[in-house]
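**Q** next comes the sequence, and after it the predicted model I'd like to discuss.
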Number of protein chains: 6
Amino acid sequence: MYFHLQQLINDIEVDEPDPAAANALQEGLGGQFGEMRTMMQYLFQSINFRGPAGKPYRDLIQGIGTEEISHVELIGTTISRLLDGSPAYQGKKDAPVDAPGAGGAVPLEIALDHSNIHHYLVGAQGALPVDAAGNPWMGSYVYNSGNLVLDLLYNLMLESTGRLQKCRLYEMTANKTARSTISYLIVRDQAHENAYAKALETLGVNWRTSLPIPKTNAESFPEVKRLLDLGLQSTQYSFDLDDRSEAGRIFQGMSPSGDGTELIADQQAPEGVPSVIAPERPEEFAPGADAELQALIQATAEMEMADIEAPFGRMTSS
Amino acid sequence: MYFHLQQLINDIEVDEPDPAAANALQEGLGGQFGEMRTMMQYLFQSINFRGPAGKPYRDLIQGIGTEEISHVELIGTTISRLLDGSPAYQGKKDAPVDAPGAGGAVPLEIALDHSNIHHYLVGAQGALPVDAAGNPWMGSYVYNSGNLVLDLLYNLMLESTGRLQKCRLYEMTANKTARSTISYLIVRDQAHENAYAKALETLGVNWRTSLPIPKTNAESFPEVKRLLDLGLQSTQYSFDLDDRSEAGRIFQGMSPSGDGTELIADQQAPEGVPSVIAPERPEEFAPGADAELQALIQATAEMEMADIEAPFGRMTSS
Amino acid sequence: MYFHLQQLINDIEVDEPDPAAANALQEGLGGQFGEMRTMMQYLFQSINFRGPAGKPYRDLIQGIGTEEISHVELIGTTISRLLDGSPAYQGKKDAPVDAPGAGGAVPLEIALDHSNIHHYLVGAQGALPVDAAGNPWMGSYVYNSGNLVLDLLYNLMLESTGRLQKCRLYEMTANKTARSTISYLIVRDQAHENAYAKALETLGVNWRTSLPIPKTNAESFPEVKRLLDLGLQSTQYSFDLDDRSEAGRIFQGMSPSGDGTELIADQQAPEGVPSVIAPERPEEFAPGADAELQALIQATAEMEMADIEAPFGRMTSS
Amino acid sequence: MYFHLQQLINDIEVDEPDPAAANALQEGLGGQFGEMRTMMQYLFQSINFRGPAGKPYRDLIQGIGTEEISHVELIGTTISRLLDGSPAYQGKKDAPVDAPGAGGAVPLEIALDHSNIHHYLVGAQGALPVDAAGNPWMGSYVYNSGNLVLDLLYNLMLESTGRLQKCRLYEMTANKTARSTISYLIVRDQAHENAYAKALETLGVNWRTSLPIPKTNAESFPEVKRLLDLGLQSTQYSFDLDDRSEAGRIFQGMSPSGDGTELIADQQAPEGVPSVIAPERPEEFAPGADAELQALIQATAEMEMADIEAPFGRMTSS
Amino acid sequence: MYFHLQQLINDIEVDEPDPAAANALQEGLGGQFGEMRTMMQYLFQSINFRGPAGKPYRDLIQGIGTEEISHVELIGTTISRLLDGSPAYQGKKDAPVDAPGAGGAVPLEIALDHSNIHHYLVGAQGALPVDAAGNPWMGSYVYNSGNLVLDLLYNLMLESTGRLQKCRLYEMTANKTARSTISYLIVRDQAHENAYAKALETLGVNWRTSLPIPKTNAESFPEVKRLLDLGLQSTQYSFDLDDRSEAGRIFQGMSPSGDGTELIADQQAPEGVPSVIAPERPEEFAPGADAELQALIQATAEMEMADIEAPFGRMTSS
Amino acid sequence: MYFHLQQLINDIEVDEPDPAAANALQEGLGGQFGEMRTMMQYLFQSINFRGPAGKPYRDLIQGIGTEEISHVELIGTTISRLLDGSPAYQGKKDAPVDAPGAGGAVPLEIALDHSNIHHYLVGAQGALPVDAAGNPWMGSYVYNSGNLVLDLLYNLMLESTGRLQKCRLYEMTANKTARSTISYLIVRDQAHENAYAKALETLGVNWRTSLPIPKTNAESFPEVKRLLDLGLQSTQYSFDLDDRSEAGRIFQGMSPSGDGTELIADQQAPEGVPSVIAPERPEEFAPGADAELQALIQATAEMEMADIEAPFGRMTSS
């Protein structure tokens, strides 16, 4: 059973809207090696897990899988923020984007040559379950062979590829909103890579100096370095409400990545940051509950009161 | 941020394995109107939600979305149990299924003409992220127009269709394992249908006698009736750890389905039931951490101790 | 602009339900070489046609394309009839299939091991836009290169392949409902093959004895022979309401298939047969407008009258 | 059975070519909520319809479905016109685009960075069965649950979403060719939304002030306003050649959208406008029947005459 | 540049036709971990390879990739043989399957409830580029990150998973035709797993006792044991015509799988076996060049001679 | 069985990197009418071929199919070269692209608005198995009806469409690297079109002046003209190592394309050109075996020597 806390797992830095960066980040959300994939893969591996004696491995996968749901939430929100307000941003800050369409205005013109047109046409400046080339996420991405060692090997490769792609994403944009989430996920992917590598160590592999795979210079990215200094690459949370997770029996000892740190798994979860709700976007006809709707809600409530006094069943007699 | 509890949201009754029923239930997991879809749709709608004044609506969607993750877990586990051990079950209980392949035995012959062959060939008698016809789940299923009223209308239709399909599933199998989960989901889909119908009521619609859509006779299914008598169709949980959900401002008053009950949203979550880990299946080469692996783990641990005494960097000098 | 006549383009013979035959026929509806494909391909070729001097070719394609919509209607209806009532038919004619689910009955059990489970689970014993292996129809099937000669060559191959597959379908089932539609479509595919072959003749190709491609012995199928004797393979209708079609300038002279007949294009349309509406299927919760619904409609109408007398705006004053 | 009239259902205004607008309009043609989808969905719902007593509902769906084929024709033609000649248009009006490729010229260079490259590379400056992000149309879009009320609810949502997307499209381009078709479809989607909302009214729902969903300010778009003033949002045609449609029994009375108009269904079809055939495009090697081809046709005809005089079988004796 | 030899890479044992086994083997051909995938993946990795110093690694991948094309040929031919003649085989050996369709016979009835109906309806009792559940092969399966170590790690996992699935396939059928190819591919997958594991060893990993992954008991399958005794799991061929491959610099030394053998890479290719062409199947209208066609070819040749004597250009003067 | 020669089938001219041209060429690699498709289609047609008497036809298809693998290699390498180094090329030749990410640099910024972002994000400036619009290649493209004449007709159309698209590609870019490969493939497609047209001639068709289809002015493209003058459109190689191909019995006589040349099939293969390995790209974290890796390899080798002296089994005793 799952629960939610109205907090984001990491803070998202404020910067200008940037639809091109938003689109690039879609790979990290809905791509073949993105967060929706890791989330679903680990969820299925946990559900289908075999062998009660392997509970520490199941709990490790389950815990990382739960974290990935929060990563979906984090990167989805980041994409949403990068898109939000972008029509106004494109050098036309005074254009009346909030007066959709009237008088021949084209407030969504930006959609024609930036990013994925679906961000404006199908969604309303929000994240989509697709990759950076617009391909929808597919269930066939999920790998769950049922053989524990093979699943662990695949998971290691999956985290390594996710990290590689995020290092490339870092090099594609200098937008701070994008980079704050990219950097956080680079470090967390490293933590998960360490987790699966350690699990394989317990099953016989000696990685020597081969880890991490791939070797990048991400440690020279300032935002990444800050998180590495905090040891986030060597920490794993349980996200388990009852403290029954035995993942710590695996995630311990020296990091297999050879950075000299020790693996620690003694926390339930990181401290979160408050999440906020995005503003309305009239040019998308995307009101949440705007003034007009609020009035309608109020009017309806009053009408319902009247209904109760003169209810449906007795209407003809009224 | 999300958390997990090592409990299932509802109990799964024990019955014989049944791969055909397992395959049918895949529609409820990976189908266009199944639990993976509702889960993802509500997750995206929560992330991309617009309008701070609409927080009660966001919280309603977020809460149902969190519940859907537990439904994925529940129906996935149900499918896994229906498949687990099915090769032995098919009238050949004495066949040595645990001695895979030796001597020309064909312990997985069942895969050729039952259910989806991928259940045995790609997975190891476990659930897959596909529908009952074998189509992988697709991100393009997710609907999130960004217009609140339209999203609510879609969600109502989505829950109604999910319930319709589950009523049909009930009529396809008498297996108790399958029916216990089907029945539970029929009633919870009804609760979610009530939630979205009520939300639309606050925005002006009067459903009169039109709900529920569709009208079925599911209330005559004994397993369903038991849950209706408990009022599960009129209860919504918050699944919110900090009690910040305002969903109860919408989910209240008389049920729009016209069954005379009152909607109640005062609980965080239902009482769960313990989850168990499935046994190993040698014919799938699907050991979790079996005896051999345990020995290997032990041996590795000892070897690591030796490594620490004679570590890698100084190996040539040892 | 398109119009509809409440008639089927050909009669469908009556026989027992047969879900396996229904599923096989899906290839002719939603398959890569089925009627949805020819319909869409010719519609796009007509819309995008280039060169006013080529109007006879455009009109030929447009006319065949319009016919294909009627073929979609014909084969879709055929599939629907083959499925309709099949749960009762399977050797259990006395089973209470109209009492869905109550008391543990499994009236839709047939869905688990016949045909495509979606015929019962997603649809309600009706046709689906998929092929015989369950793959959904795809827009990428449509071929429209924009080069007239190449498009005609492709269309010839398309009709030939459609006919080949239908000859194979004929050999897969003896069900008369299925065979009556299969046979009709074999002959009409031949007519269309003749049309495109003739068009290529006007552009320089001499087919000599090579047509038809492929050579089958379909003329020995009794149902096919009857239609050939009527000359349906050498007749093309315009389906044009204003008689502006110039297709007859191409579809004339000796048939390129070498059967000694002359091509004739002097009719607007064949005489149709009345279409009927299928009965309700309670076990699918698929009422159209059943007794209960009729009552509701009536009640609603009366209520509306009351509303008009006591309209919405003045409700509080009632 | 279906028929065609060589007329477009609405006029397309003349403006400059605009490949970016053409690509955006693809969503309205081949997108998940575009005209191919409504057309196919209503066609399948008509074919699979259950319950003779529900004929007025069937006829309503059938009539709208037939209209949607004309919409496919209209928007497909609009896209084709927006693309046609665009290579020349891009600020290089004197470039020899009609001399494809010779001397190193790159007349199709525009394809590399505008719109969807397939518009020039796979098609020949014509419409494609894909959405604005290039995804091919899929049969899995079609919804046909078999339960009448649920199907009507879905259809309402479908038309509402189609209208929402078209309002966004209006805001993306000021091109008059694009806007004339967008505006027409906004108003017709509204008419269809009214039709399904009215049908649901007969089944018990009271929409009060909730319609239309979503509320946009499209009535302030000049092209839309002109059509609203003509009452096109409250008119439904039968497109039925024999006047057997009973759709008017539903499509009558006050509009559920609350605009104070009355629903009228007394016309067979709107007055169409003549359609024209597009010019040839040598740079696409897309001649219809150009001068060279005409000569070939003529020569072939003469040759055939010779053949008849000296036919194939006796050729050696000539 | 590639060349072909009219020989199969391994012999296929003779046994009865078996469409269910044929369908299961499709996973090994067109599945996500089948031979089309390995072939394409290694082909792309070779084309896109970076770093001249890494030529031995490129050559290793290129050589295995070339072998995979022969595996596609081998398993495709095996599937074709398992299907070929299966309609006659199904307990109806005297049925006139060679007289397609005449007199109401249903020679392809088998297609309705065995295997994948496309094997008979779309193909003509031949292999298809799909997996065992009927999903078409997809380009998105190909993994080529561009990072050598990561690509090697993925390739190791890919071969391991391919071998796991083939071990499961072995357990699904006792058909000798199927098992002879399955067994051969199990051993060759092991050889390729050794190759990638060895390559990772050169880059720092010490596998200790962890290989092979997964550990199966395939060595107890008699057909597999025979090939292991021949050392096929420790042999790699270059398939390089000019002997420029440097793969042997990696594929040498003790096998990383811990079976005590030494890796050997000194052969260009195994000795092949002659391939044969399948017979015609009239019930599929699948003649290659049958008697009728031979006569036509002869007649055409004679006619061409006549044409040359009385050629086209001077026809009018003849 | 297949073999490889470390040579490209044709030379690739040197020019600047050009990611937009690279992306356009993807259609020729992974598009519906590209080289992966012809390669796979002919491979399947060869494997499933029926009728020993038709061996010359089988050999013709097999030989062209083998050539298509080399075409995949050629166009894949061309795309790779067009992408390779493109980040540096975009007017920023002095930017430190080899210092990925440090100090906030965005060396891969080009990925956001050029070509397909996957070229930089998923691949490492290398070819992908997708088309120019980013759609992954699909197995459902492959056509293999099993009827020889129909398969030949399809193959003719396939080569014609491939050539048409390549003529359009030529018009989209003046980049010499791109044009050298495009031109070569135009001429080879023509040769294959001739082959299938000739095969159909032997089966009865007289093409008269209708070929080639389509008629383009590609002969006026200088690079194409040079190859035509060499007669490459009328030459077919066997690519058969044992000279058992009988394709020459078909590919002989006057070219059906009416260019007055004679068809010749007396060579095994063209003379190839040496292939080279691409340089490393640090900004993609795509080292092959760079200095660091070389050192690691050396160190590992030394360590392995130590291991042999103090092997695993006796480690504790060391």
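**A** Right, received. Where do you want to start? Residues are numbered from 1 along each chain as shown, chains lettered A, B, ... in the order given.

**Q** need the nearest residue in space to residue A:20, chain neighbours excluded.
**A** In space, and not counting its chain neighbours, residue A:20 is closest to residue F:112: 4.2 Å by C-beta to C-beta, 6 or more residues apart in numbering or on different chains. (Glycine included, C-beta is placed from N, CA and C.)

**Q** give me the phi and psi for the residue nearest to residue A:34 when sequence neighbours are not counted.
**A** Leaving aside its chain neighbours, residue A:34 sits nearest to residue A:28 (4.9 Å; criterion: C-beta to C-beta, 6+ apart). Main-chain dihedrals, residue A:28, degrees, to the nearest 10: phi -70, psi -20.

**Q** residues near residue A:28, how many?
**A** 30 (other C-beta atoms under 10 Å in any protein chain shown).

**Q** and for residue A:60, nearest residue in space, chain neighbours not counted?
**A** Residue A:60 sits nearest to residue A:247 (C-beta to C-beta, 6+ apart), 4.0 Å away.

**Q** that should have said residue A:268, apologies.
**A** residue A:238 (5.5 Å).

**Q** just residue A:46 next, same as before
**A** residue A:62 (4.3 Å).

**Q** quick one: low-confidence parts of the stretch 151-300 of chain A?
**A** A:288-290, A:296, A:299-300 (pLDDT under 70).

**Q** what about 90?
**A** A:203-204, A:209, A:216-217, A:220, A:279-300 (pLDDT under 90).

**Q** near chain F, which residues of the stretch 1-150 of chain A?
**A** The stretch 1-150 of chain A comes close to chain F at residues A:20-21, A:23-24, A:27, A:31-32, A:132-135, as judged by C-beta under 8 Å from any C-beta of the partner chain.

**Q** switch to 6 Å and redo it
**A** For the stretch 1-150 of chain A, the residues in contact with chain F (C-beta under 6 Å from any C-beta of the partner chain) are A:20, A:27, A:132-133.

**Q** please flag which of these sit within helices.
**A** A:20, A:27 (DSSP state H).

**Q** select from the residues of the stretch 1-150 of chain A next to chain F the one having the most neighbours.
**A** Of the residues of the stretch 1-150 of chain A next to chain F, with other C-beta under 10 Å as the count, residue A:132 tops at 30 neighbours.

**Q** ok, that one touching residue A:26?
**A** Yes: taking contacts as C-beta atoms under 6 Å, residue A:132 lies within contact range of residue A:26: 4.7 Å.

**Q** close to chain B, is the longest strand along chain A?
**A** Secondary structure of chain A per DSSP state E: the longest strand is strand A:262-267. No: residues of strand A:262-267 contacting chain B under C-beta under 6 Å from any C-beta: none, with a closest distance of 12.5 Å.

**Q** other SSEs contacting the helix or strand following that strand?
**A** Going down the chain from strand A:262-267, the next helix or strand is strand A:273-274, by DSSP states H and E. Where contact means 3 or more C-beta pairs under 6 Å, 6 or more residues apart in numbering or on different chains; DSSP states H and E, strand A:273-274 is not packed against any helix or strand.

**Q** list the pairing partners of strand A:273-274 within its sheet, with orientation.
**A** Strands that pair with strand A:273-274, judged by DSSP bridges, come out as strand A:7-8 (antiparallel).

**Q** which outside residues touch the partner strand?
**A** A:74, A:272-273, A:275, B:1 (C-beta atoms under 6 Å, 6 or more residues apart in numbering or on different chains).
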